[in-house]
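Colleague: I need the structure of the sequence given here:
(one chain, ligands or ions: 1)
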Amino acid sequence: MENCIFCKIIKGDIPSKKVYEDEEMMIIHDVAPKAKLHYLCLPKTHFALLKEMDDTKAAIVARCLQKVSKLEKDLGLEDGYRVIINQGENGGQTVHHLHIHLLGGEPLGDF
Ligand code: AMP
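Modeller: The predicted structure follows:
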């Protein structure tokens, strides 16, 4: 997607602080962290919303979550973290490429 900032990051056209990459996902530091540690897990396949998932995309998102769980210690999230996927306008989604926020590194308290 030519105007998608996360597609540009995935292609390497925009720099990012990458902490993990494989053939179907990338994990980067969020440029404007909302917690001591704030990562974004980006599926490389472009789609915006959970409701756009077919079985293939759903499997990618599942593998993203599985990979995050395996990387908890490497990411400094072993004491717990918050997983957020903002959806649409009311959800506060500003980048229309599905991404998984990972927040941690400190007690986050209640919502
Ligand atoms: P959302 O509001 O759920 O769409 O989240 C988008 C997130 O992308 C925000 O937390 C932004 O800080 C983050 N963001 C935007 N541009 C970049 C970038 N170039 N590199 C890293 N994170 C970014």
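
Colleague: Going by C-alpha atoms from here, please, whenever you check contacts or count neighbours.
Modeller: Will do.

Colleague: For this structure, which segments count as strands?
Modeller: 18-21, 25-29, 37-43, 81-84, 100-104 (DSSP state E).

Colleague: Can you tell me which of these is nearest to the ligand?
Modeller: strand 25-29 (6.0 Å; C-alpha to the nearest ligand atom).

Colleague: Tell me which other helices or strands that closest one touches.
Modeller: Under the contact definition 3 or more C-alpha pairs under 8 Å, 6 or more residues apart in numbering; DSSP states H and E, strand 25-29 sits against strand 18-21, strand 37-43.

Colleague: and the chain, which residues reach the ligand?
Modeller: Within the chain, the positions adjacent to the ligand are Ser16, His29, Asp30, Val31, Ala32, Asn86, Gly92, Gln93, Thr94, Val95 by C-alpha under 6 Å from any ligand atom.

Colleague: Count the neighbours of the third one for me.
Modeller: By that I understand Asp30. Asp30 has 19 neighbouring residues, counting by other C-alpha atoms under 10 Å.

Colleague: Tell me the confidence at it?
Modeller: Among the per-residue scores, Asp30 shows a pLDDT of 98.

Colleague: if I pick it, what's in contact with it?
Modeller: Each residue near Asp30 by C-alpha atoms under 8 Å, 6 or more residues apart in numbering is listed here: His38, Tyr39, Leu40.

Colleague: any idea how far Val19 is from the most centrally placed residue in the chain?
Modeller: Centroid-nearest residue in the chain: Cys41, 2.3 Å away (criterion: C-alpha atoms, centre = their mean). Going from Cys41 to Val19 by C-alpha to C-alpha, to the nearest Å gives 10 Å.
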